[in-house]
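Q: got a predicted model here, sequence first, then my questions.
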There are 2 protein chains.
Amino acid sequence: MATIQDIADLANVSKATVSRVLNNSSLVTTQKRIAVEDAMNELNFQPNVMAQSLAGGRSMTIGVLTQNFGSPFYDSVSQGVIDGLSDTGYSPIFADGQWKQNTEREVIGTLVGRKVDGLILIGGDVPVSKLNELREQLPTIVVARELDDWENQCIHVDNVDAGYRATKHLIDFGHREIALIHGIRNHPDAVQRFEGYSKALADAGIELNSNLVYSGDFSAQSGVLAVNSLLAQSTHFSAVFAANDMVAFGARLALHRHGIRVPEDVSIIGFDDQAEAAFMTPPLTTMRQPAVEMGVASAAALVKLIDGESYELPRLPIELQRRESVARLR
Amino acid sequence: MATIQDIADLANVSKATVSRVLNNSSLVTTQKRIAVEDAMNELNFQPNVMAQSLAGGRSMTIGVLTQNFGSPFYDSVSQGVIDGLSDTGYSPIFADGQWKQNTEREVIGTLVGRKVDGLILIGGDVPVSKLNELREQLPTIVVARELDDWENQCIHVDNVDAGYRATKHLIDFGHREIALIHGIRNHPDAVQRFEGYSKALADAGIELNSNLVYSGDFSAQSGVLAVNSLLAQSTHFSAVFAANDMVAFGARLALHRHGIRVPEDVSIIGFDDQAEAAFMTPPLTTMRQPAVEMGVASAAALVKLIDGESYELPRLPIELQRRESVARLR
DNA sequence: ATTTAAAATGAAAGCGGTTTCATTACTGTG
DNA sequence: CACAGTAATGAAACCGCTTTCATTTTAAAT
């Protein structure tokens, strides 16, 4: 591995000059610049990021804390971050917080220890106090989590409103007995979607029937459990609002097991619009989260933030993705 | 941020001693060790990985090249890598090669530039010559790709055999007109699965009918296209072997659109066993890839390889996951 | 109590860059 | 042609840690 010194020797200049052309930081005669560039090519030079980071204070890497690697929503956000970071010179390094405070604390530690130049936190449970500390220390953007006081460093989406609109869509189609399969208890997304659900019901003059809300955990399995349980207690329902698409899949399967048709007998609406949703039978109507877009936006914002430039966070909408799992109530 | 010098001062020892307790590299009196540890706690010390790496030559990070962030199989392998690396002291840093030689070359470059201590390459298209170079330079494990001469640094799975068994399963159930939806042309996995398919057919004395093999690309969309096309040309088929589960989902939906029942009229077998497969209606029979296990195994192997210890690569089987999308031909 | 080997420790030299600061090489003016 | 002012360059310090090597302690052996 060639070092800056090797280049300097070959090009007959000093290390300092090499560094300057490397960073384009200060004027260098065209003649020497070319000599240096030639030397770099000849020796196939690749700067040692560690050394750069140590000396210069910047590592050109940005840390991304994601949750549950492999879960569609967080993956899509991550994908967006990758996209958004390409061609910026920054590379992302990912760590999985697994929605556990301890794990999150720990991996944030290793990220910070790796001297990342900035942090993107996707979801997660890190206490706000810790977050505020972090922000002092490092440019930080939080995604998919609502935080007071973070106006400009927080990209999130209105889950209450989306929950409202999902429910409203069902109501508009004539449904009044709408079951809700709740996500993980206390999970902000779940809680907020539920809030929207309640509000939509209220606005439509429908009384909330607690028999119709099942406490799940965002898994497909909880979707089947929910339907089984709902069916066991004979409170009738004509539609299901699932905490997310996975839950919807589970619910759809359970309904199928019971010989209940979707959407003829029961309508289902999901949340996320993960890739598989469009291929459920029938294709799943769902609230599409702008996951990739959030990732891209957060990357863009973070780079600006690091460079001290100003930026504006986009307001990203959750949109109803109409497909075929919701039908007008006969 | 406290440095090793701060600790040294506080504990009244030299930097060298602090370094020693940090790395547990050489004997230190219990008394001083404790003093140092106390100081570390008090100052909330976190070693600067960049400096460690620069000085020590090791960065305690291992680079992972994955493909198409968000695709179930690669995600699962990655997940496995994370699991396998936890508690080893190494942290993974991920990069997405997007199944493009150029991108791969590039991101491997940045990984190497970041002085990772080892490399895990999941799938990908990097030419073998480059790989061989890489191997000289850095401990490297390749996952999900078959490579001659890499016996001990290559974790893969027998796609030919799995393709054979998938097809055989269909044949055992009485099917003889078996359509195959091929993955990306030239993609080794796809090619090998096709090879297994051909062989199983041959062994059963069934002639391969090229009308029954559709050239897809691993996407759900290609699954629907395949079925539409298959149906359009009136070559009858009673079963479909899909390149992977996504394709199976697409195929299943297309069949549904045509009023063809699964599995009563047509059986489907998938490949991967991604999370959603179990919740398809009907639940998808599929060849389960040991993705997570491969990730775990590769992580474990790489750590051994780095440490110069010996290890053995597990032989991981692809197993038929029987569910309900395959039925005996009436 | 000596001598000697082994164990602990510290000083200092890197690791490969960046950056400050002083120096030298050019400009364009008067 | 001398002179200032600016542009280009190099020397050297430094980033935070590891590691070698020499030195000091400690323990064991005589």
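A: Received, thanks. The structure displayed is predicted, hence computed values, not measured ones.

Q: and the helix or strand hosting residue A:7, does that touch DNA strand C?
A: Taking DSSP states H and E as the criterion, residue A:7 maps to helix A:4-11. Yes - contact of helix A:4-11 with DNA strand C (C-beta under 7 Å from any atom of the strand) involves A:4-5. For glycine as for every other residue, the C-beta is placed from the backbone atoms N, C-alpha and C.

Q: restricting to C-alpha, output that helix in CSV.
A: C-alpha atoms of helix A:4-11 as CSV (Å, rounded to 0.1, in the frame of the first residue of the first chain):
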residue,chain,number,x,y,z
ILE,A,4,1.4,9.8,0.9
GLN,A,5,5.2,9.8,1.4
ASP,A,6,5.8,7.4,-1.5
ILE,A,7,3.8,9.7,-3.7
ALA,A,8,5.7,12.7,-2.5
ASP,A,9,9.0,11.0,-3.2
LEU,A,10,8.0,9.9,-6.6
ALA,A,11,6.6,13.3,-7.6
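
Q: let me know whether the next helix or strand after that helix sits next to chain B.
A: Note on helix A:4-11: by DSSP H and E, the next helix or strand toward the C-terminus is helix A:15-23. No - Helix A:15-23 lies out of reach of chain B by C-beta under 8 Å from any C-beta of the partner chain, never closer than 12.7 Å.

Q: quick one: pLDDT of residue A:114?
A: We have a pLDDT of 79 for residue A:114.

Q: the residue in chain A positioned nearest to DNA strand D: helix or strand, and which one exactly?
A: Across chain A, the shortest distance to DNA strand D (C-beta to the nearest atom of the strand) belongs to residue A:27, at 2.4 Å. For residue A:27, there is no helix or strand it lies in under DSSP H and E.

Q: burial measure for it, as a count.
A: 8 (other C-beta atoms under 10 Å in any protein chain shown).

Q: got the phi/psi numbers for it?
A: Dihedral pair for residue A:27: phi -60, psi 140, per degrees, to the nearest 10.

Q: now do the buried residues in the helix holding residue A:7.
A: Using 16 or more other C-beta atoms under 10 Å in any protein chain shown as the test for burial, helix A:4-11 gives A:4, A:6-8, A:10-11.

Q: now swap in stretch A:293-300 and tell me
A: Buried, per 16+ other C-beta under 10 Å, within stretch A:293-300: A:293-300.

Q: for residue A:206, which non-adjacent residue is spatially closest?
A: residue A:176 (5.4 Å; C-beta to C-beta, 6 or more residues apart in numbering or on different chains).

Q: just residue A:282 next, same as before
A: The nearest residue in space to residue A:282 (C-beta to C-beta, 6+ apart) is residue A:324, at 3.9 Å.

Q: I'd like to know how far that neighbour sits from residue B:128.
A: From residue A:324 across to residue B:128, the span is 47 Å (C-beta to C-beta, to the nearest Å).

Q: ok so, going back, from the buried residues of stretch A:293-300, pick the one nearest chain B.
A: Closest approach to chain B among the buried residues of stretch A:293-300 (C-beta to the nearest C-beta): residue A:295, at 10.1 Å.

Q: state the number of residues packed around the closest residue to the closest one other than its chain neighbours.
A: Of all residues not flanking residue A:295 in the chain, residue A:80 sits nearest, at 2.1 Å (C-beta to C-beta, 6+ apart). Neighbourhood size, residue A:80 [other C-beta under 10 Å]: 25.

Q: so where does the most centrally placed residue in chain A fall, helix or strand?
A: Nearest to the geometric centre of chain A sits residue A:77, at 3.6 Å (C-alpha atoms, centre = their mean). In the assignment (DSSP H and E), residue A:77 maps to helix A:72-85.

Q: run the chain-centre distance for that helix.
A: 7 Å (C-alpha atoms, centre = their mean, to the nearest Å).

Q: same deal with stretch A:310-317?
A: With C-alpha atoms, centre = their mean, you get 15 Å for stretch A:310-317.

Q: that one: end-to-end distance?
A: Stretch A:310-317 has an end-to-end distance of 22 Å (C-alpha to C-alpha, to the nearest Å).

Q: next: stretch A:10-24.
A: 19 Å.

Q: try stretch A:52-72
A: Using C-alpha to C-alpha, the end-to-end distance of stretch A:52-72 comes to 35 Å.

Q: buried ones in that stretch, by neighbour count?
A: Quick answer for stretch A:52-72 (16+ other C-beta under 10 Å): A:52-54, A:59-72.

Q: intersect those with the contacts of DNA strand C.
A: Answer for the buried residues of stretch A:52-72 near DNA strand C (C-beta under 7 Å from any atom of the strand): A:52, A:54.

Q: how far does stretch A:16-35 stretch from start to finish?
A: 14 Å.

Q: quick one: contacts of it?
A: A:4, A:7-8, A:11-13, A:36-37, A:47 (C-beta atoms under 8 Å, 6 or more residues apart in numbering or on different chains).

Q: what residues does the stretch 1-150 of chain A have near chain B?
A: Close to chain B, as judged by C-beta under 8 Å from any C-beta, the stretch 1-150 of chain A has residues A:46-51, A:53-54, A:59, A:61, A:69-70, A:72, A:75-76, A:78-79, A:82, A:91-96, A:107, A:109-110, A:112-115.

Q: which of the residues you listed fall within helices?
A: A:49-51, A:53-54, A:72, A:75-76, A:78-79, A:82, A:107, A:109-110, A:112-113 (DSSP state H).

Q: narrow those residues to just the buried residues.
A: By 16+ other C-beta under 10 Å, these give A:49-51, A:53-54, A:72, A:75-76, A:78-79, A:82, A:107, A:110, A:112-113 as buried.

Q: count the neighbours of the residue nearest to residue A:282 for me.
A: For residue A:324, using other C-beta under 10 Å, the count is 14.

Q: around DNA strand D, pick out the residues from chain A.
A: A:12-17, A:20, A:26-29, A:31-32, A:51, A:54-55.

Q: which two of those residues have the greatest separation?
A: Farthest-apart pair in the residues of chain A next to DNA strand D is A:31 and A:54; separation 30.7 Å (C-beta to C-beta).

Q: would you agree the residue nearest to residue A:282 is in contact with residue A:283?
A: Yes - judged on C-beta atoms under 8 Å, residue A:324 makes contact with residue A:283 at a distance of 5.0 Å.

Q: okay, strands next: where are they in the stretch 101-250 of chain A?
A: A:118-122, A:140-143, A:154-155, A:178-182, A:213-215, A:239-242 (DSSP state E, counting those that start in this stretch).

Q: which neighbours in the sheet does the shortest one have, and how are they oriented?
A: To tie it back to what came earlier, the one meant is strand A:154-155. According to DSSP bridges, strand A:154-155 forms sheet pairs with strand A:140-143 (parallel).

Q: ok, residues contacting the partner strand?
A: For strand A:140-143, using C-beta under 8 Å, 6+ apart, the contacting residues are A:77, A:118-123, A:131, A:134, A:150, A:153-156, A:294-295, A:298, A:301-302, A:305.
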